[in-house]
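everything below, folded, please.
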Amino acid sequence: MSSAPQPLLLPDGSPAAHAWTLDPALKHLNHGSFGAVPQAAQQEQQRLRAEMERAPVVWFPGLAQRVAAARAAVADFLRVGTADLALVPNASAGASVVYGNLPARPGGEVLVTDHGYGAVTMGAERLARRWGGSVRTARVPLDATAEQACAAVLAGITDRTALIVLDHITSATARWMPVAQIGAAARARGIPLLVDGAHVPGLAEDPLAGLEFDVWVGNLHKFGCAPRGASALVARSELRHELHPLIDSWGAGEPFPERFDTQGTLDATGYLAAPAALDFVERTWGWKAARGYMHDLADYAERIVGEALTELTGECAAVDVGMPVNALRLVRLPAGLAGTRAEADALRDRFAAELGVEAAFTSFGGIGYVRLSTHVYNTAADFEHFAERCVPVLGAWARTARGGA
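Have a look, this model is predicted:
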């Protein structure tokens, strides 16, 4: 049985949360959606912005060299080659780069899964329309093992499959997908693979080791705690030579990835401050210890929230996730709550407004879930508050949604 881990502290003995500027009047239990930027990275970004505004004519001509240095630091963190990595604003932007640059495949199909992130899937649908083709959706059970998930995806391949889009960690369902197995099969069939690794940076020591893919994209601003607007695009196949940034600028004639380093007058300080965020966690606790703490806290949170909801409803709230994530967990909500994405988003907003808790609610297959997120600034008390104070309210709201049943 999981027990409550001791909270992480700063070197001066104060709570880890003191390194962030999060509102202490709120409980922040949804790091996985938008992240949270430590003060060290905020201050570095503010310093860079001040430098940019003091002398923009000096700043912008030299910006590409600064971006290249930040890119090298991010590549080192992800353990990939600097020549394989470009910086993009977010994972969806990275996916859009792929969609906008793939060679035309008239009538081609894009294969996605029913766990895919909505915005990325929408981009796949737009690509398919441009090709005059279609999107095929592989159905992967939530409890599928790596082997079962791989089989479900490969069963969706046809002779018209021109691209596979696969999550590394799924957003709505908080599970890993077997990228290694699917990537190897896609490579053997000559089908390009785009991997949406939005949640991955920070949650695995060497996340791309042994993986076959054409393009992988991951947000640095989620578990990596970088400023928003900082993400990595890693390209390892010959497709990299076809990839161009979404904005044509003065670096357009450069090879990949250098042509991504120049994006006109966009504020690139998020890219430049990303290494400060990654370095802060490493210096303060070490990423290995941070991941261990997130895992232990997620175990505890999943147990106590699940037990509270089970006791409330009389039905087991535990969720069998086939490939669970160390810092993201699902617990089933009472019937009547978050049955659709729109209902889940509305519940998120109501929770923050009325209960002072930032939490993630998701829907999959018509069932609502609370997705628990942990990071170094979270403590067991955060989730004890959820179990003791918020779960009874969820029960009351569910009864109202069901018409008082």
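
biggest helix in this structure by residues?
In the chain, taking DSSP state H as the definition, the longest helix is helix 287-313.

immediately after that one, which helix or strand?
strand 328-332 (DSSP states H and E).

give the contact list for the residue nearest to residue 207 when sequence neighbours are not counted.
Using Cβ to Cβ, 6 or more residues apart in numbering and skipping residues adjacent in sequence, the residue nearest residue 207 is residue 200, 4.9 Å away. All C-beta spots, glycine's among them, are computed from the backbone N, C-alpha and C. Contacts for residue 200 (Cβ atoms under 8 Å, 6 or more residues apart in numbering) come out as 168-169, 207, 218, 223.

repeat that for 10 Å
Residues near residue 200 by Cβ atoms under 10 Å, 6 or more residues apart in numbering: 78, 91, 167-169, 176, 179, 207-208, 216-219, 222-224, 232, 325.

just the strands in the stretch 1-150 of the chain please.
Listed in chain order, the strands of the stretch 1-150 of the chain (DSSP state E, counting those that start in this stretch) span 27-28, 85-88, 109-113, 134-138.

redo these as TSV? Include mean neighbour count.
Listed next are the strands of the stretch 1-150 of the chain as TSV, based on neighbours: other Cβ atoms under 10 Å:
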stretch	mean neighbour count
strand 27-28	21
strand 85-88	26
strand 109-113	25
strand 134-138	17
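
I'd like those written out as JSON lines, with mean pLDDT and distance to residue 49 added.
Formatted as JSON lines, those follow (pLDDT from 0 to 100; distance: least, Cβ to Cβ, whole Å):
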{"stretch": "strand 27-28", "mean pLDDT": "97", "distance to residue 49": "25"}
{"stretch": "strand 85-88", "mean pLDDT": "98", "distance to residue 49": "17"}
{"stretch": "strand 109-113", "mean pLDDT": "98", "distance to residue 49": "38"}
{"stretch": "strand 134-138", "mean pLDDT": "98", "distance to residue 49": "40"}
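
just so I know, which of these lies nearest residue 400?
Closest to residue 400 of the strands of the stretch 1-150 of the chain is strand 27-28 (Cβ to Cβ; 22.8 Å).

how close does the residue nearest to residue 207 sit to residue 91?
Residue 200 sits 9 Å away from residue 91, going by Cβ to Cβ, to the nearest Å.

quick one: common contacting residues for the two?
Between them, residue 200 and residue 91 share the contacting residues 167-168, 216-219, 222, 232, judged by Cβ under 10 Å, 6+ apart.

just curious, which of those residues is nearest to residue 401?
Once Cβ to Cβ is applied, the member of the shared contacts of residue 200 and residue 91 that ends up nearest residue 401 is residue 167, at 29.2 Å.

how about that closest one, nearest residue that isn't a chain neighbour?
Per Cβ to Cβ, 6+ apart, closest to residue 167 is residue 196, 4.9 Å.

neighbours of that neighbour, just the number please.
29 (other Cβ atoms under 10 Å).

residue 282 now?
14.

in this structure it contacts residue 77, no?
Yes. Between residue 282 and residue 77 there is a contact under Cβ atoms under 10 Å: 8.6 Å.

widest-spaced pair of the shared contacts of residue 200 and residue 91?
167 and 232, at 15.7 Å, using Cβ to Cβ across the shared contacts of residue 200 and residue 91.

where's the residue nearest to residue 207 relative to residue 77, distance?
For residue 200, the distance to residue 77 - Cβ to Cβ - is 12 Å.

quickly list what's touching both of the two.
207, 224, 232.

and the last one, what is it in contact with?
Neighbouring residues of residue 232 by Cβ under 10 Å, 6+ apart: 71, 74-75, 77-78, 80, 84-88, 91, 94, 197, 200-201, 208, 216-220, 224, 226, 271, 274.

now the helix or strand it falls within: mean pLDDT?
In this structure, residue 232 sits in strand 231-235 according to DSSP H and E. Mean pLDDT, computed over strand 231-235, is 98.

that one pairs with which strands, parallel or anti?
Here strand 231-235 has these sheet partners by DSSP bridges: strand 85-88 (antiparallel), strand 215-219 (antiparallel).

just the buried positions in that strand, please.
231-235 (16 or more other Cβ atoms under 10 Å).

widest-spaced pair of those residues?
231 and 235 (13.4 Å).

quick check: neighbours shared by these two?
Joint contacts of residue 231 and residue 235 (Cβ under 10 Å, 6+ apart) are 86, 94, 217.

check contacts around the first one.
Residues near residue 86 by Cβ under 10 Å, 6+ apart: 67, 71, 74-75, 94, 97, 215, 217, 231-235, 240, 243, 245, 256-261.

at 7 Å what do you get?
233, 256-257, 260 (Cβ atoms under 7 Å, 6 or more residues apart in numbering).
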